[in-house]
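Trainee: Generate coordinates for the sequence data below:
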Amino acid sequence: MKALTAAANSKFLLWLILAAPMALWCFQYLSGRIFYGEFLHITGQFSAQLLILTMALTALRLAWPRERWTSWLLQRRRYFGVATFAYAVPHLVAYLVKVSSLDRVLSDAAEAGMWTGWLAMLLFLPLAITSNNSSVRRLGKRWKRLHRLVYPAAVLTFLHWVLVAFDPTIGLIHAGALAAIEAYRLWKTQAMRKN
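Mentor: Numbers count the residues shown, from 1 in each chain. Purely as a prediction, here's the structure:
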């Protein structure tokens with residue numbers, strides 16, 4: 001019973017930590033303390049950073065296989081993935097409210113910087129919806145196949161960032177970091193298979 005209570009408490013604390021920045025930024029935006037562009041930037045960037053963290057967890061576990069903290073993080077990877085999507089939602093909603101015109105949304109969607117963002121959101125949607133134990137059980141092996149959509153979604157996310165940013169440098173640095181992490185994961189996985 002104590003173990004279940006501790007697990008529930010750690011889950012609640014993790015969700016609280018993940019939700020705190022969003023609560024603060026939404027409050028600041030709605031109260032006029034930060035402006036539209038700042039809100040769009042901060043929610044989009046944080047969502048991309050959470051995506052990097054989510055995808056880095058396997059590489060961390062491969063690098064430190066005996067450490068309890070890497071095991072703990074990997075077991076909670078879905079929480080970070082859902083949080084990635086959750087930060088992209090107010091990013092999208094703020095844009096839709098600001099534009100407030102279907103014609104303008106459709107016109108913007110023709111631009112590469114925008115359709116990459118829309119397509120990334122469409123790919124992340126089924127991942128967020130199925131990031132629960134019930135879906136894992138129900139989908140079985142198909143769950144892993146479905147969640148491989150994270151790779152094209154990540155590419156589209158960073159293309160969106162680089163194409164819409166006033167200065168793409170930070171987006172390129174983040175994309176480079178993710179590429180390096182993924183290269184390490186693939187190398188380490190291949191090396192382990194050979195041994």
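
Trainee: Could you use CA atoms for every contact and neighbour count after this?
Mentor: Noted.

Trainee: got a list of contacts for stretch 46-62?
Mentor: Stretch 46-62 is touched from outside by 67, 70-71, 73-74, 77-78, 80-81, 83-88, 154, 157-158, 174, 178, 181-182, 184-185, 188-189, with contacts defined as CA atoms under 8 Å, 6 or more residues apart in numbering.

Trainee: I'd assumed Pro90 was in contact with Thr43.
Mentor: Yes. Contact criterion CA atoms under 8 Å: Thr43 and Pro90 qualify, at 7.2 Å.

Trainee: Name the residue in these two with the higher neighbour count.
Mentor: Thr43 (24 against 18; other CA atoms under 10 Å).

Trainee: right, and the helix or strand after whichever helix or strand that one is part of?
Mentor: Element membership for Thr43 (DSSP states H and E) is helix 36-63. The first helix or strand that comes after helix 36-63 along the chain, using DSSP H and E, is helix 68-75.

Trainee: Remind me what that next one packs against, helices and strands.
Mentor: helix 36-63 (3 or more CA pairs under 8 Å, 6 or more residues apart in numbering; DSSP states H and E).

Trainee: right, and Leu156 touches Leu119 too?
Mentor: Yes. Between Leu156 and Leu119 a contact is recorded at 7.2 Å, counting by CA under 8 Å.

Trainee: Return the residues in contact with the closest residue to Trp25 other than its chain neighbours.
Mentor: Of all residues not flanking Trp25 in the chain, Phe39 sits nearest, at 7.0 Å (CA to CA, 6 or more residues apart in numbering). Applying CA under 8 Å, 6+ apart, we find Phe39 in contact with 25-26, 29, 91.

Trainee: Can you tell me how far Phe39 is from Gln49?
Mentor: For Phe39, the distance to Gln49 equals 15 Å [CA to CA, to the nearest Å].

Trainee: Mutual contacts of Thr43 and Pro90, please.
Mentor: Common neighbours of Thr43 and Pro90 are not found (criterion: CA under 8 Å, 6+ apart).

Trainee: So which bits of the lowest-mean-pLDDT helix or strand in the chain are buried?
Mentor: Lowest by mean pLDDT, DSSP states H and E among the helices and strands of the chain is helix 2-30, with a mean of 85. Neighbour-count burial for helix 2-30, counted by 16 or more other CA atoms under 10 Å, picks out 18, 22, 25-26, 29.
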